[in-house]
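**Student:** pasting a predicted model and its sequence here:
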Amino acid sequence: MAKNPLLKYSVEVLLGEANPAGEPFFRKTHLYKALFLLHQNLKGQGVDIGLPYCWYLHGPLIEATTFEEQTGTPLAGYLQPDGATAPVRHVHDEGLMNREKQVVLQEVQKILRKYRSGTWWEEGYGDRLVGDAYKLAPFRYQRTFKREYLDYLSSLSGEPQLYDYAYDRISSNTLQYLDTLVKQFPENEMSELLDTYLAWDDTARLFVEIRDPLDTISNRYWEIFCGLLRVRKNENVPEEIVERWERSFAQELPLYDHEFETAHDEALGRLEQDTHNSDIDPIVRRLMAYARDAYIQVHPREL
């Protein structure tokens with residue numbers, strides 16, 4: 001029997017209800033988000049299925065090694081090669097009380113009803129599922145950065161010509177996002193990343209000035225932010241795994257710092273060249289620092 005039979009039962013009931021035939025519309029990301037929502041909703045009812053997860057790049061991520069140790073089945077065993085979830089031939093319920101099983105089943109059905117009409121998945125169900133998971137994110141900063149700011153940049157990436165005829169609107173929107181993120185940065189819990197974040201923020205504002213797309217450098221920053229985020233925000237993950245994540249973050253941080261410093265210097269050089277003014281460096285840097293500091297004074301960070 002599995003070490004955590006309730007977790008194993010919960011996964012298999014969810015898959016049996018959501019995608020009994022293993023069709024391609026219910027995939028790994030849907031499984032992760034739905035299982036996370038199930039875990040959270042059941043905790044509110046006093047039932048803990050012990051889901052091992054952390055917050056990472058795309059929301060709650062199941063920690064695969066611990067999951068396999070607890071259920072006796074690798075996560076990959078519930079997935080098909082194309083990423084769709086696999087049909088569940090047998091739901092393991094050994095050693096569980098009927099009340100536990102009933103509560104889990106009812107909650108699974110309740111969650112799925114939000115995204116389906118009968119047996120048909122509603123349009124946009126995947127994005128809504130991710131959005132509902134992000135409503136439970138530990139930091140508002142996460143929701144703003146991932147679900148708003150990065151989504152906005154993604155909407156621009158397919159139309160580079162927008163930078164030619166809609167620059168004023170794009171720069172205004174981008175700076176509003178950057179100002180909001182300065183206010184929301186979780187300094188108390190992510191203090192190790194504060195200097196890196198402010199360096200990235202300075203660089204991002206320079207990119208706005210030189211009309212360079214921000215999607216690549218923003219996604220790079222999101223990677224290192226999530227490197228620390230998974231250390232800070234996880235549940236039911238063994239200490240030795242969290243310590244390994246922490247060592248990885250400490251080793252990678254200087255590389256990101258160097259990358260942002262290089263990008264900053266190159267952007268500043270381009271701005272200098274474009275204006276044909278060798279005095280632009282201290283002027284721009286002072287103005288950006290003043291603007292950011294003034295914003296922080298008027299709108300203290302939400303800690």
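**Tutor:** Structure's in. What do you need?
**Student:** buried residues in stretch 139-157, which are they?
**Tutor:** 139, 141-147, 149-150, 152-153, 156 (16 or more other Cβ atoms under 10 Å). Placement of C-beta: from N, CA and C, glycine included.
**Student:** before we move on, what about stretch 26-42?
**Tutor:** For stretch 26-42, by 16+ other Cβ under 10 Å, it's 26-39, 41-42.
**Student:** next one: stretch 230-248
**Tutor:** 230, 231, 232, 233, 234, 235, 236, 237, 241, 242, 245, 246.
**Student:** now intersect those residues with the helices, please.
**Tutor:** 230, 231, 232, 241, 242, 245, 246 (DSSP state H).
**Student:** turn those into TSV, columns for pLDDT and distance to residue 166.
**Tutor:** As requested, these are arranged in TSV below (pLDDT from 0 to 100; distance: Cβ to Cβ, whole Å):
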residue	pLDDT	distance to residue 166
230	98	36
231	98	39
232	98	37
241	98	45
242	98	44
245	98	40
246	98	42
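**Student:** make JSON lines from those residues and add distance to residue 167 to it.
**Tutor:** Output for these, formatted as JSON lines (distance: Cβ to Cβ, whole Å):
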{"residue": "230", "distance to residue 167": "36"}
{"residue": "231", "distance to residue 167": "38"}
{"residue": "232", "distance to residue 167": "37"}
{"residue": "241", "distance to residue 167": "45"}
{"residue": "242", "distance to residue 167": "44"}
{"residue": "245", "distance to residue 167": "40"}
{"residue": "246", "distance to residue 167": "41"}
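**Student:** ok, which pair from these is furthest apart?
**Tutor:** Pairwise distances across those peak at 13.8 Å for 232 and 241 (criterion: Cβ to Cβ).
**Student:** would you map the helices across the stretch 101-250 of the chain?
**Tutor:** For the stretch 101-250 of the chain, the helices defined by DSSP state H, counting those that start in this stretch cover 125-134, 140-142, 150-157, 162-165, 167-184, 194-209, 215-232, 239-275.
**Student:** among those helices, single out whichever gets nearest to residue 47.
**Tutor:** Residue 47 lies closest to helix 125-134 among those, at 18.8 Å (Cβ to Cβ).
**Student:** outside of that closest one, which residues touch it?
**Tutor:** 29-30, 33-34, 36-37, 58-60, 114-116, 122, 142-143, 146-147 (Cβ atoms under 8 Å, 6 or more residues apart in numbering).
**Student:** skipping its backbone neighbours, what lies nearest residue 71 in space?
**Tutor:** In this structure, residue 71 finds its nearest non-sequential neighbour in residue 8, 4.2 Å apart by Cβ to Cβ, 6 or more residues apart in numbering.
**Student:** now for that neighbour: which residues touch it?
**Tutor:** Residue 8 is in contact with 2, 70, 71, 72, 73, 92, counting by Cβ under 8 Å, 6+ apart.
**Student:** how much space between it and residue 174?
**Tutor:** Look at residue 8 and residue 174: by Cβ to Cβ, to the nearest Å, they are 46 Å apart.
**Student:** same check on residue 16?
**Tutor:** Distance, residue 16 to residue 174, using Cβ to Cβ: 45 Å.
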